[in-house]
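*Asks:* quick one: sequence plus predicted model below, questions after.
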Amino acid sequence: MPGAPIPMPRPKPKPPYQPKQYGNGTSVPNGHGSYSNPQTFTPPPVPSGNGDGKGTTVDTPSLDLFASNIDQLVDPVRKAQTALEGVSVVPGDFYHANKMRIDVNGPNADAGLKEQFVKVLGDLSQGLSDLSAGVRQLSAKYKTIEDANSASANDLQNAFQSTDGDFTSLITDAGGTPGAPPSGGNGK
């Protein structure tokens with residue numbers, strides 16, 4: 001009959017899944033859980049000092065460059081944090097697979113190693129941002145020769161004070177114990 005639809009043959013049903021014995025392989029081929037970033041990060045140049053090592057000296061252009069270099073580190077850390085947030089381990093449904101999933105994702109996909117490192121990367125980006133702001137604050141304080149002549153180590157310590165909590169959080173979020181603060185010295 002012309003114009004009549006041609007019946008499509010039905011596909012053969014798939015045979016039931018047949019489990020296979022583990023082949024004892026230990027290598028994972030590329031593309032299976034590997035992260036690659038085509039945009040490489042080139043670290044910024046680091047200036048060298050010209051002080052004689054005696055007393056406290058301030059070189060505001062070096063402080064500004066240091067703050068700028070620290071700023072360049074924040075974005076890659078935030079991108080790594082964002083990339084990690086989307087990771088979910090789903091290895092299968094057997095004892096060791098469930099253990100891996102719980103260890104990495106947490107029992108409700110809101111804890112575990114992944115969440116721990118998401119927090120660490122957040123602490124790191126916040127610490128780097130605070131460090132950069134502290135260095136800029138210090139640099140702004142010493143723009144004139146008169147200001148630079150009154151420089152003290154306490155000024156440096158005060159400028160970096162806001163980073164203490166960030167890096168302490170980073171250590172504890174990573175499962176570590178922060179060290180004791182340094183003792184002694186008057187900073188002058």
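*Replies:* Done, it's in.
*Asks:* for the chain, which helix is longest?
*Replies:* Longest helix in the chain, counting residues (DSSP state H): helix 112-141.
*Asks:* check this protein and tell me which residue is nearest its centre.
*Replies:* Central residue of the chain (C-alpha atoms, centre = their mean): Leu121, 3.3 Å from the mean position.
*Asks:* my guess is that residue meets Gln81, correct?
*Replies:* Yes: the pair Leu121 / Gln81 is scored as a contact, 3.8 Å apart, by C-beta atoms under 8 Å. C-beta: built from backbone N, CA, C; applies to glycine.
*Asks:* okay, and for this structure, where does confidence drop off?
*Replies:* 1-3, 19-37, 44-58, 144-152, 180-188 (pLDDT under 70).
*Asks:* hey, where'd the helices end up in it?
*Replies:* Under DSSP H, the chain gives helices at 60-85, 95-105, 112-141, 145-149, 153-159, 161-173.
*Asks:* out of those helices, which one sits most buried?
*Replies:* Each of the helices of the chain was scored by mean neighbour count; the highest is helix 112-141, a mean of 19, by mean count of other C-beta atoms under 10 Å.
*Asks:* next, the angle helix 161-173 makes with that one.
*Replies:* Counting by axes from the mean of the first three to the mean of the last three C-alpha atoms, to 10 degrees, helix 112-141 lies at 170 degrees to helix 161-173.
*Asks:* thank you, goodbye.
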